[in-house]
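In: let's see this in three dimensions:
(chains A and B)
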Amino acid sequence: AAGVIQSPRHLIKEKRETATLKCYPIPRHDTVYWYQQGPGQDPQFLISFYEKMQSDKGSIPDRFSAQQFSDYHSELNMSSLELGDSALYFCASSLERERTDTQYFGPGTRLTVL
Amino acid sequence: AQSVTQLDSHVSVSEGTPVLLRCNYSSSYSPSLFWYVQHPNKGLQLLLKYTSAATLVKGINGFEAEFKKSETSFHLTKPSAHMSDAAEYFCVVSDRNFNKFYFGSGTKLNVKP
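Out: This is a model prediction of the structure:
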């Protein structure tokens, strides 16, 4: 079965650079969620989208922005990167109209900021 | 607000012995609860979920969890641990609209030969 795809899987950037992470949800899924998992930490919710509209927001820094496109894929844009942004970024997807309560997670993008 | 507390940060068992990973939740309404597993350098995989149906939930790989409202608990169990079960396990509660998940701090399971 198709799963959530995230790209790239690994990304190395320097401080003050920008990064764009991409998430392709499971086909037919219309809701996307982004999480950040720092080293040794539990995943923290960043932001979610339903039908291309932001549906909820968590602890996302102002330097980060995200959007969901017409094909339901999502991009997380991160600017002015800091060392503390080094983390594993997960995307998850679900199908809202069936009230599917399960989020299916992608493999994550590991971002390293040097 | 919703939250989960995983009572043990590390659990170590011998192969073939039972596994118990503890989770207590806090929710202002009837919650949806999940257990996810994360193997090293891997993504999160759903083990099982509780969504107000049967209180005893069976998941993949022989895991099961029981929802106990009176104890606000959702402990994860497995009768016999396998080496491949060594991983980190997260107990998760969702908000009412399933817009976001709240993760516990995780329990690292070590399985000794």
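
In: residues in contact with B:Lys78?
Out: By Cβ atoms under 8 Å, 6 or more residues apart in numbering or on different chains, the contact set of B:Lys78 is B:18-19, B:61-64, B:85. In short, each C-beta sits where N, CA and C put it, glycine included.

In: nearest to chain A among these?
Out: Of all those, B:Phe63 has the smallest distance to chain A: 15.6 Å, by Cβ to the nearest Cβ.

In: state the number of residues packed around that closest one.
Out: 20 (other Cβ atoms under 10 Å in any protein chain shown).

In: residues contacting it?
Out: B:19, B:35, B:47-48, B:76-78.

In: which among these end up buried?
Out: B:19, B:35, B:47-48, B:76, B:78 (16 or more other Cβ atoms under 10 Å in any protein chain shown).

In: spatially central, which residue of chain B would that be?
Out: B:Trp35 (3.5 Å; Cα atoms, centre = their mean).

In: surely that one meets B:Phe90?
Out: Yes - B:Trp35 lies in contact with B:Phe90 (Cβ atoms under 8 Å); the separation is 7.1 Å.

In: which residue comes closest to B:Gly16 once chain neighbours are left out?
Out: B:Ser80 (5.3 Å; Cβ to Cβ, 6 or more residues apart in numbering or on different chains).

In: thinking again about what came up before, from the buried ones among the contacts of B:Phe63, pick the one nearest B:Val111.
Out: B:Val19 (8.3 Å; Cβ to Cβ).

In: how close does the nearest residue to that closest one once chain neighbours are set aside get to chain A?
Out: Closest residue to B:Val19 apart from its sequence neighbours, by Cβ to Cβ, 6+ apart: B:Lys78 at 4.2 Å. From B:Lys78 across to chain A, the span is 21 Å (Cβ to the nearest Cβ, to the nearest Å).

In: and the lowest-mean-pLDDT helix or strand in chain B, which strands flank it?
Out: Least confident helix or strand of chain B, by mean pLDDT, DSSP states H and E, is strand B:101-103 with a mean of 85. Here strand B:101-103 is paired, per DSSP bridges, with strand B:87-94 (antiparallel).

In: what about the strand it pairs with, distance to the chain center?
Out: 5 Å (Cα atoms, centre = their mean, to the nearest Å).

In: cool, stretch B:105-113 as well?
Out: 12 Å.

In: flag the shaky bits of the chain, pLDDT-wise.
Out: By default, I'm working from chain A. A:1, A:96-101 (pLDDT under 70).

In: chain B is the one I meant
Out: Using pLDDT under 70, chain B drops low at B:96-99.

In: spell out which parts of it neighbour chain A.
Out: Proximity of chain B to chain A (Cβ under 8 Å from any Cβ of the partner chain) is limited to residues B:32, B:34, B:36, B:42-46, B:49, B:51, B:90, B:94-95, B:97-106.

In: quick one: the strands in chain A?
Out: Taking DSSP state E, the strands of chain A run over residues A:5-7, A:10-13, A:19-24, A:31-37, A:44-50, A:53-57, A:64-68, A:74-78, A:87-94, A:104-105, A:109-113.

In: ugh, typo on my part, it should be chain B
Out: B:3-6, B:10-14, B:19-21, B:23-26, B:33-38, B:44-50, B:56-58, B:64-68, B:73-78, B:87-94, B:101-103, B:107-112.
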